[in-house]
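Colleague: Provided below are the primary sequence and the corresponding predicted coordinates.
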Amino acid sequence: MAGGGPSLMDSLFQRSLDDLIKGLRLSSPDNKLNFISKSLDEIRREIKSTDPQTKSTALQKLTYLHSLHAVDMSFAAFHSVELSSSAIHSHKRVAFLSAALSFNPSTTDFILLLTHQLRKDLSSPNHHDVSLALSTISSICNPDLARDLTPELFTLLSSSKMFVRKKAIAAVLRVFEQYPDAVRVCFKRVVENLEGADMGVLSAVVGLFCELTVNEPRSYLPLAPEFYKILVDCRNNWVLIKVLKIFAKLAPLEPRLGKRVVEPICEHMGRTGAKSLAFECVRTIVTSLSEHESALKLAVEKMREFLLDDDPNLKYLGLQALAIVSEKHMWAVLENKELVVKALSDVDVNIKLEALRLVMSMVSEDNVMEICRILMSHALKSDPEFCNEILEFILLTCSRNVYEVIIDFDWYVSFLGEMARIPHCQKGREIEAQLVDIGMRVKDARLELVHVARDLVIDPALLGNLYIHGVLAAAAWVSGEYVELSRNPFELMEALLQPRTSLLPPSVRAVYIQSAFKVLTFCIYSYLGLNGDVASEPVSDTELDNDNVVITHKQTPSTSSSKHNLTQESIMSLLNLIETNLGPLAGSDEVEVQERASNVLGLIKLMKPRIIGGLNQSEEDKIKEELKASETIKLIYDAFSEELAPVSLNSQERVPIPDGLVLKENLNELEAICGDFKLPLSTSFSLVKTRMLEKDATSISECQSKEESEPSNESTSLLSEHRKRHGLYYLPSESKESVSNDYPPAHDPKDKAIDEAEDLVKLTEQSLVFKKKSNPLKPRPVVLRLDDGEKSNFVSKKLEVKEDLISGAVQEVLLGTEASTSSSISKLSKKSSKGVPELKDNTGNNDLSEVSLAGSGRKKHNKERKHKSSGKEKEEHNNKDKQKSDRRHSKHKSRQRADSALAAQSQVIPDFLL
């Protein structure tokens, strides 16, 4: 056949959709792609046929492949337009389906070719064809198509066939979005359908308004009487749910409206047996009508019923509603705290997470310690996933707004140390960040922070846990940064250089080496200071006794006691220990580790001759060497003594961009140059070959698996065992006794897990109750804050919201030419009524206009209202003349007139159906 179309035999023996499905199911997974490609070749030939049946079957197979296997069908766009003109309904259905799947409203040019056919089908007497056309419009509508088909949609909105009218209302939403001017044509007829008796049409039109009120609900306030009538009279649950969603948007905009709708909402909530409608009533009250105390109490009772129900879906919804109401009314959560805590032990993960959010919302300065202790106990008996969810919520809540709920930072630092020891803990990065952050912000917490860091670093059992390597890095950094607060720097050096540190990744090991550098600098500086070789300054704030370097604030060290510890022999043992452990690392393949180890070894090389060779030198050379060494070590010590402070997240934005620097273009050029190179996915830079890296990785993983498979012993036994095997890597002990058993056990938190949910509830009876703040024994330490705020990385900029064209058109239709003036009046009334709980009209009536919300007598009442308003204007005019004669009461009278005029204007909700 000419044009590459199928032959007659191909059309006669064309495979149907059933044949295609059977062939796909029978083909093997390896051959499936070949079968699909062959089928596509057949479809491309068949779709060019002039026979409508052949073309329809080809499009049918193509839509199937597109839906299930994501086959591109853009090449069939024109053929879909061709088939849509067929008089057979089955062909038209396939054509419109393929058009809806393949047409892109923003890029497909063939949409305009469908305009005439869609207009013809919208006017067809066959309501099935009309339905297909409406469904297609809602899928592929663009501004041009919406503009051209608006007259036909206007006609269908009043169709006698309710099936067609319902679909036309549903399609109007997409037309309004693409062509806002269609609102001026169709909106009046859409509103008329609110009074329809057919429940399908009413459901469609209420659903339409439910979507429209999401963006700009204020424009639809004039329709509140119609929605109120549906709320009172309708008995369809799904329609009522959508009406409640509408009132949830409208009620905050008009306080008097809330007073009228709260009673029927409470009636529905108490009368209905449908859980979906009851929950929607609860959500409407807690989100938009929470100032009505009686309705709120009724909603809280309904939430409690949901929480007591065995259905997990209802229990989840009850927790979700409590989470909404907890923002303004915490008493509702406290009344149901037992049920909330019991939900932490539920089988459903979603219920447990919602309960956890509610528990954390009750945290305050008074109960944070107790709640964290309870949740930590609960985390120990939970599965690993939920355990980490608990830890994440604790970390986020305690660090909120720069630790505003934390008073005792010593407790919180030790709590972070216990958290890191939980076997399933995977929040190492978060704990690491908070340990470092607290060290920089809170000076008074540094002593306890150093003790906690020492317990973490000295425990060799923790080195095999991959998830807390970040915590160990933070502990090592704290130990080196605040080494002057350490009880025993020699013990700390042993912990930083113990052989099991080979299990750590290079980035963490580099931190360990740098901390060892700081500890070494401190020890040498202290030794030289005690011997009088450094300027007469107190050596930090430390005093030495026979066993440990013990902190004593603001005191000079005792020279007599220093002879027992910081002697030449002890310093030489320390230097030999460091050389033994860091010597092999000077040739490491990791650049960071190699550089930091070389720095430490370089310092030892500089200081060792001065300490050893002092006996063989002349007095003059000895003094010169001592001065040189003292100056060097003092410079290094002073550099490390500079206190680090937190940096604002927005500091980078203050740096001005240099003129002529175009980062984007430069990066694009770099990407073009280096596009062919694939960088290795490594966390640190390495000069070793890939094979060596793989071998080292396998050896490390094997070593880690061996360590993890061993039975977990206490850290003291592990450390003593290492001391026996590798005595060369440890400092010589003064006595032959075993190491003191004061190390905390690995993976052994202090608090024991609580087994039963009832016990957990008993523990929370006192902790989840807000008490009056009592004066703490010690005041809250000073937490360093930054002036410019630290909430986000970017400066918050007020975005300019574009004018909603749909809402503007709606206001024009509903309010006519007074739309702009009414909006300005509403703004003025909003400003004038700040602090006033309700608006009153001139008659003193607090409620909304009775006749406005009634179904009859609207015209008569509006005429009476016009007469009243004209009479008020005359009275105001006469009052202006009286003002000139009586000046003492002029200000008081002008206020009365202004308030009455605003009340009269703002209370009126214009009724469209006049």
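Modeller: Sure, I can see it. No experiment lies behind these values; they were computed from the predicted model shown. Residues are numbered from 1 along each chain as shown.
Colleague: low-confidence regions, the protein specifically.
Modeller: Low-confidence segments of the chain, defined by pLDDT under 70, span residues 1-13, 107-108, 530-565, 612-629, 663-778, 786-804, 816-914.
Colleague: break it into its domains for me.
Modeller: According to the domain assignment given by automatic domain parsing, the chain is divided into the following structural domains: 506-643, 747-779, 816-913.
Colleague: hang on, residue 487 in a helix?
Modeller: No. Counting by DSSP: H, G, I helix; E, B strand; the rest coil, residue 487 is not found in a helix; it is coil.
Colleague: what's the neighbour count on it?
Modeller: The number of residues packed around residue 487, counting by other Cβ atoms under 10 Å, is 16. The C-beta positions use only the backbone N, C-alpha and C, and glycine is treated the same way.
Colleague: measure it to residue 450 for me?
Modeller: Shown here: residue 487 relative to residue 450, a distance of 8 Å by Cβ to Cβ, to the nearest Å.
Colleague: repeat that for residue 633.
Modeller: In this structure, residue 633 lies at 22 Å from residue 450, with Cβ to Cβ as the measure.
Colleague: repeat that for residue 299.
Modeller: Per Cβ to Cβ, residue 299 is found 51 Å from residue 450.
Colleague: what do you get for residue 376?
Modeller: In this structure, residue 376 and residue 450 are separated by 23 Å, where distance is defined by Cβ to Cβ.
Colleague: which of these two has more neighbours?
Modeller: When neighbours are counted by other Cβ under 10 Å, residue 450 comes out ahead of the other of residue 376 and residue 450, with 24 against 21.
Colleague: how about that one, what does it touch?
Modeller: By Cβ atoms under 8 Å, 6 or more residues apart in numbering, the contact set of residue 450 is 478, 479, 482, 483, 485, 486.
Colleague: what about the last one, neighbour count?
Modeller: What it means is residue 486. A count of neighbours around residue 486, defined by other Cβ under 10 Å, yields 26.
Colleague: pretty sure it is in contact with residue 455, am I right?
Modeller: No. Using Cβ atoms under 8 Å, residue 486 is not in contact with residue 455; the gap is 11.9 Å.
Colleague: in terms of contact, does residue 809 touch residue 184 like I think?
Modeller: Yes. The pair residue 809 / residue 184 is scored as a contact, 5.6 Å apart, by Cβ under 8 Å.
Colleague: which of the two has more residues huddled nearby?
Modeller: Taking other Cβ under 10 Å, residue 809 and residue 184 do not tie; residue 809 has more neighbours (20 against 13).
Colleague: roughly how far apart are the more buried one and residue 212?
Modeller: Residue 809 sits 11 Å away from residue 212 when distances are taken as Cβ to Cβ.
Colleague: for residue 318, which non-adjacent residue is closest in space?
Modeller: Spatially, and ignoring its direct neighbours in sequence, residue 318 is nearest to residue 306 (3.1 Å; Cβ to Cβ, 6 or more residues apart in numbering).
Colleague: just residue 272 next, same as before
Modeller: Of all residues apart from its sequence neighbours, residue 278 sits closest to residue 272 (Cβ to Cβ, 6+ apart), at 5.6 Å.
Colleague: for burial, what's the neighbour tally of the one you found?
Modeller: Other residues within reach of residue 278 by the criterion other Cβ under 10 Å amount to 22.
Colleague: same deal with residue 638?
Modeller: As a burial measure, the neighbour count of residue 638 was computed by other Cβ under 10 Å and equals 11.
Colleague: how near is it to residue 598?
Modeller: 22 Å.
Colleague: surely the residue nearest to residue 318 and residue 321 touch.
Modeller: Yes. Using Cβ under 8 Å, residue 306 is in contact with residue 321, at 7.4 Å.
Colleague: quick check: neighbours shared by those two?
Modeller: Taking Cβ under 8 Å, 6+ apart as the contact rule, residue 306 and residue 321 both touch residue 279.
Colleague: pull the CA atoms of stretch 305-323 into CSV?
Modeller: Output of stretch 305-323 as CSV, limited to C-alpha atoms (Å, rounded to 0.1, in the frame of the first residue of the first chain):
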residue,chain,number,x,y,z
GLU,A,305,-13.9,8.1,71.4
PHE,A,306,-11.6,7.7,68.4
LEU,A,307,-8.6,7.0,70.6
LEU,A,308,-10.5,4.3,72.5
ASP,A,309,-11.7,2.6,69.3
ASP,A,310,-10.1,-0.6,68.2
ASP,A,311,-9.9,0.6,64.6
PRO,A,312,-6.3,1.8,64.0
ASN,A,313,-7.5,4.3,61.4
LEU,A,314,-9.8,6.0,63.9
LYS,A,315,-7.1,6.0,66.5
TYR,A,316,-4.7,7.6,64.1
LEU,A,317,-7.3,10.3,63.2
GLY,A,318,-7.9,11.0,66.9
LEU,A,319,-4.2,11.5,67.4
GLN,A,320,-4.0,13.7,64.4
ALA,A,321,-6.9,15.9,65.6
LEU,A,322,-5.2,16.2,69.0
ALA,A,323,-2.0,17.3,67.3
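Colleague: in it, what's buried?
Modeller: Neighbour counts using 16 or more other Cβ atoms under 10 Å place 306, 307, 314, 315, 316, 317, 318, 319, 320, 321, 322, 323 of stretch 305-323 among the buried residues.
Colleague: doesn't the last one fall inside a strand?
Modeller: No. Secondary structure assignment (three-state DSSP) places residue 323 in helix, not in a strand.
Colleague: touching, it and residue 358? I think so.
Modeller: Yes. Because the distance of 5.8 Å satisfies Cβ under 8 Å, residue 323 is recorded as touching residue 358.
Colleague: picking that back up, so where does the residue nearest to residue 272 fall, helix or strand?
Modeller: Applying DSSP states H and E as the criterion places residue 278 in helix 275-288.
Colleague: and stretch 67-76, end to end?
Modeller: End-to-end span of stretch 67-76 (Cα to Cα, to the nearest Å): 14 Å.
Colleague: all strands for this structure, in order.
Modeller: Listed in chain order, the strands of the chain (DSSP state E) span 542-544, 549-551.
Colleague: need the distance between the two termini of stretch 501-510.
Modeller: Chord length of stretch 501-510, first to last residue, is 10 Å (Cα to Cα).
Colleague: mind listing what's buried along that stretch?
Modeller: Along stretch 501-510, the positions that meet the burial threshold by neighbour count (16+ other Cβ under 10 Å) are 501, 503, 504, 506, 508, 509, 510.
Colleague: helices - which of those land there?
Modeller: Among these, the members found in helices (DSSP state H) are 506, 508, 509, 510.
Colleague: distance of the closest residue to the first one other than its chain neighbours from residue 167?
Modeller: In this case it means residue 506. Across the structure, with Cβ to Cβ, 6+ apart as the measure, the residue nearest residue 506 apart from its sequence neighbours is residue 590 (3.9 Å). Summarising the geometry, the distance separating residue 590 from residue 167, computed by Cβ to Cβ, is 68 Å.
Colleague: now swap in residue 521 and tell me
Modeller: As for residue 521, its distance to residue 167 is 81 Å (criterion: Cβ to Cβ).
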